[in-house]
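A.B. asks: any chance you can model this:
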Amino acid sequence: MPKRARCPHCDKLYGRDVIDRHVQKCRMKNKVTLDPQSKAPTRTVIVDGNNIAYHLAPDGVPLVNNLILAYRSLTSRGLKPVFVISTALMHVIDKPNVLRDLIVQLEVVEAPRGTNDDLKIIGVAMDRKADIISNDRFLEWIGRYPWVTDRLRKYRMTPTGLILT
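C.D. replies: Numbers count the residues shown, from 1 in each chain. Modelled structure (predicted):
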């Protein structure tokens, strides 16, 4: 049985031999820009920006491209992402200038220096009654915030975008 992959745009399964052509077609159909007002989002989601940036990062250097791909994937599904990042991410990311531009263009909440960014993510999600997108399990906070397990959405990152699992 041939390997199959899921299109990040339409969420359908395709054989690996045709997935690249299909993704290109879907991308052209659903052209997504970095303009937050390009579509009317239906639901806010809180995104663990550090978790996304470090996902599959070579040599442990976080990638700003992961944040861009996540933003495009989520907005193409009609979601309004709010990224929560730590202040330290600016100093270790591969392209700090691009991250600064994203902070201006997108809705980004920075966890203050010396605070726990997981707690900031939980706080923002609680205030906005939103789901959390992260592969972190938040084990140390489940006792205090049991609702986190119900609102936590895992993801898988592909070269063309983020897929919610």
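A.B. asks: show me where this protein has its strands.
C.D. replies: With DSSP state E as the criterion, the chain has strands at 4-6, 13-15, 43-48, 79-86, 108-111, 131-133, 152-153, 155-158, 161-164.
A.B. asks: what sits against the nearest residue to Phe138 once chain neighbours are set aside?
C.D. replies: Nearest non-adjacent residue to Phe138, counting by Cβ to Cβ, 6 or more residues apart in numbering: Val148, 5.1 Å away. All C-beta atoms are positioned from the backbone trio N, CA, C, and that covers glycine. By Cβ atoms under 8 Å, 6 or more residues apart in numbering, the contact set of Val148 is 122, 125, 132, 138, 141-142.
A.B. asks: Ala5 now?
C.D. replies: So Ala5 contacts 13-16, 19, 158 (Cβ under 8 Å, 6+ apart).
A.B. asks: same question, Val104
C.D. replies: The contact partners of Val104, by Cβ under 8 Å, 6+ apart, come to none.
A.B. asks: wait, which of the contacts of Ala5 is closest to Thr87?
C.D. replies: Nearest to Thr87, judged by Cβ to Cβ, of the contacts of Ala5 is Thr158 at 28.8 Å.
A.B. asks: how many neighbours does the closest one have?
C.D. replies: Thr158: 17 surrounding residues under other Cβ atoms under 10 Å.
A.B. asks: distance of it relative to Ser73?
C.D. replies: According to Cβ to Cβ, to the nearest Å, Thr158 stands 9 Å off from Ser73.
A.B. asks: same check on Asp117?
C.D. replies: 22 Å.
A.B. asks: domain map for the chain?
C.D. replies: According to automatic domain parsing, the chain comprises the domains 1-31, 33-164.
A.B. asks: center of the protein - which residue?
C.D. replies: Ala70 (3.9 Å; Cα atoms, centre = their mean).
A.B. asks: wait, that residue touches Ile52, no?
C.D. replies: Yes - using Cβ atoms under 8 Å, Ala70 is in contact with Ile52, at 5.0 Å.
A.B. asks: many thanks, I have nothing further to ask.
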